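> Coordinates for the following, if possible.
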Amino acid sequence: MGDTITRAHLSEAVYQEVGLSRNESAELVESVLLEIGESLSKGDTVKLSSFGSFSVRQKGGRMGRNPKTGEEVPIKPRRVLVFRPSHVLKELINSALSGKAEAAE
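Have a look, this model is predicted:
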């Protein structure tokens, strides 16, 4: 499995690629993530070209079952975050996986 990408990794990448100071890069990453979070909390869809789209979907309440006890429990209505990757991202991931599979053989 690969590593986890953190805010620090993103800030460093912005610093390396764009040439802003490290503090400016960190502020830029924070402001982008904050804007995405605020938009999603309002129920807006966030589309990032060549990456994918994030949206919030309302799920209704239903009856569920506790797998240990078998007891029925109500599940409250809630909002869930949905991510749909773009075709470009899917192709990038699949080409990277096929490259690793060929290298392993």
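> going forward, measure contacts between C-alpha atoms and count neighbours the same way
Noted.
> Low-confidence regions, this protein specifically.
1, 99-105 (pLDDT under 70).
> ok now do the residue positioned nearest the centre of the chain, which residues does it touch?
In the chain, the C-alpha closest to the average C-alpha coordinate belongs to residue 83, at a distance of 6.4 Å (C-alpha atoms, centre = their mean). Residue 83 makes contacts with 52, 53, 54, 55, as judged by C-alpha atoms under 8 Å, 6 or more residues apart in numbering.
> Now for those: which two are most distant?
For those, the farthest-apart pair by C-alpha to C-alpha is 52 and 55; their separation is 10.2 Å.
> Tell me the one of the contacts of residue 83 nearest residue 42?
Distances from residue 42 to those, taken by C-alpha to C-alpha, are shortest for residue 55, at 10.2 Å.
> Kindly state the beta-bridge partners for the closest one.
residue 82 (DSSP bridges).
> isn't it right next to residue 43, touching?
Yes. Between residue 55 and residue 43 a contact is recorded at 7.2 Å, counting by C-alpha atoms under 8 Å.
> PyMOL command for the buried members of the contacts of residue 83?
Buried subset of the contacts of residue 83, written as a PyMOL selection, criterion 16 or more other C-alpha atoms under 10 Å:
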select buried, resi 52+54+55
